[in-house]
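1. coords below, sequence missing:
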Ligand code: NAP
Ligand code: MG
């Protein structure tokens, strides 16, 4: 469904206003299959070359999709492939509108989550252990020397164990991406781990962040008037709940996975979450946080009316165009991005919205419209600004 929305956004909101000189890579499943997924890495290389990209949601195939699209292989997640090439960190931020109040009324400004998208429990090795066994951590160095530590002696019971890892390179990239993004957005950044309990693993994250901040970012942060704040994850959770929002919260992989779902839900809807992948060398790829909205697409195919929310995809476009404008010094393009966002928010605040928001909004004059009519309403608002 996002592919349908994508074309409508281009036709109604971008091409009539912007002389768009973009390179296009078709990441639709058919074309990924036809190119043996080469198009995905080509697109990431082009993003590297130009510095800015906007991406439509893509299908990560499962067994059902392999049958449906007659795929040669169960191709990998395009976002995984792109992230590996750009070595990026994903930042997710909610879009706030009047009439949709966060479940926590103290949250006045967005809370942006930065999730470290490498390692930990997502690349783990697990075992079930029989009673009477002993489990050890064993590391063999390049000369064949073994270093062992007891995990647990399972004398009295069966049990479970898990081995996880992370890389200093990856943690450093994560730290730089976070600090760069904080400077870019002029927002404070918080980072939290469980370093009191995990004195080597989590503490390494804390130390790498502290060292990079001290050596490379401290002065830039002072000049920008923003802060870096480290605290224990428990304390961070309590403070986030009490806060007014308006900061970036950097999280380890698992914390970021869980907390980003909590933040999205608490702010209203997944359809109102933007997402941007930022590489440590300052490359930006913008996207909506939600998927392809498959259920709506099957309705669309049957000729039924849909009311799919295009806001996060519109904001992916505005984010990318604003960044392009900044990099190339095109003031009009930056202004257009502001106007596009304003027209979108004004449309919703005037009472015109898609079904998902209609269910949440407290506006009295609210009206549910279909996918296309929402975009037409935004286009009309946008024209008023020119
Ligand atoms: P989804 O596309 O995010 O949709 C899940 C449900 O959330 C929808 O069925 C819909 O609920 C609601 N929803 C999400 N976005 C919406 C929007 N813009 N407007 C209105 N409602 C919205 O997740 P999915 O169905 O689990 O995944 C579908 C496909 O997307 C999969 O192939 C998956 O691999 C892919 N995916 C891609 C990305 C990405 O490219 N970044 C991310 C996630 C998933 P109702 O049906 O109740 O209306
Ligand atoms: Mg999650």
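-> Received it, and whenever you're ready, just let me know what you need. Small disclaimer: the values here were computed from a predicted structure and weren't measured. Numbers count the residues shown, from 1 in each chain. Ligands and ions are numbered 1, 2, ... in the order given.
2. just the pLDDT for the closest residue to residue 307 other than its chain neighbours.
-> Residue nearest to residue 307 in three dimensions, not counting chain neighbours: residue 355, with 3.8 Å by Cβ to Cβ, 6 or more residues apart in numbering. In this view, the C-beta of every residue, glycine as well, is placed from N, C-alpha and C. As summarised for this prediction, residue 355 has a pLDDT of 95.
3. give me the neighbour count for residue 355.
-> 18 (other Cβ atoms under 10 Å).
4. okay but it is in contact with residue 368, surely?
-> Yes: Residue 355 lies in contact with residue 368 (Cβ atoms under 8 Å); the separation is 5.3 Å.
5. which parts of the stretch 201-350 of the chain sit against ligand 1?
-> Taking Cβ under 6 Å from any ligand atom as the contact definition, the stretch 201-350 of the chain meets ligand 1 at 270-271, 287, 290-295, 308-309.
6. among those residues, which two are most distant?
-> Longest distance between any two of those is 19.8 Å, between 287 and 295; criterion Cβ to Cβ.
7. looking at these two now, which is surrounded by more residues?
-> residue 287 (26 against 11).
8. that one: what's it in contact with?
-> Residue 287 makes contact with 54-57, 79, 274-277, 316, according to Cβ atoms under 8 Å, 6 or more residues apart in numbering.
9. which one of the residues you listed is nearest to ligand 1?
-> residue 57 (3.8 Å; Cβ to the nearest ligand atom).
10. that closest one: neighbour count?
-> 25.
11. distance of it from ligand 2?
-> Using Cβ to the ion, to the nearest Å, one gets 16 Å for the distance from residue 57 to ligand 2.
12. narrow the residues of the stretch 201-350 of the chain next to ligand 1 to those in helices?
-> 294-295 (DSSP state H).
13. what would the residues of the stretch 201-350 of the chain next to ligand 1 look like in CSV with pLDDT?
-> Formatted as CSV, these follow (pLDDT from 0 to 100):
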residue, pLDDT
270, 83
271, 89
287, 96
290, 91
291, 92
292, 96
293, 96
294, 95
295, 95
308, 97
309, 97
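14. so which of the residues of the stretch 201-350 of the chain next to ligand 1 comes closest to residue 114?
-> Using Cβ to Cβ, residue 287 comes nearest to residue 114 of these, at 14.9 Å.
15. between the residues of the stretch 201-350 of the chain next to ligand 1, which has the most around it?
-> residue 287 (26 neighbours).
16. in the sheet, who's paired with that residue?
-> On the basis of DSSP bridges, residue 287 is bridged to residue 275.
17. gap between it and residue 85?
-> 15 Å (Cβ to Cβ, to the nearest Å).
18. could you do residue 113 as well?
-> Taking Cβ to Cβ, one finds residue 113 at 22 Å from residue 85.
19. these two: which is more packed in?
-> residue 113 (28 against 17).
20. any idea which element that one lies in?
-> Assigned by DSSP states H and E, residue 113 falls within strand 111-115.
21. what's in contact with that strand?
-> Counting by Cβ under 8 Å, 6+ apart, 89-94, 174, 177-178, 181, 185, 187, 189, 240, 243, 245-251, 253, 255-257, 259-260, 263, 267 sit against strand 111-115.
22. skipping its backbone neighbours, what lies nearest residue 95 in space?
-> Per Cβ to Cβ, 6+ apart, closest to residue 95 is residue 272, 4.6 Å.
23. which residue, other than its chain neighbours, is closest to the residue of the stretch 201-350 of the chain found nearest ligand 1?
-> Going by Cβ to the nearest ligand atom, ligand 1 is nearest to residue 291 of the stretch 201-350 of the chain, at 2.4 Å. In space, and not counting its chain neighbours, residue 291 is closest to residue 57: 5.2 Å by Cβ to Cβ, 6+ apart.
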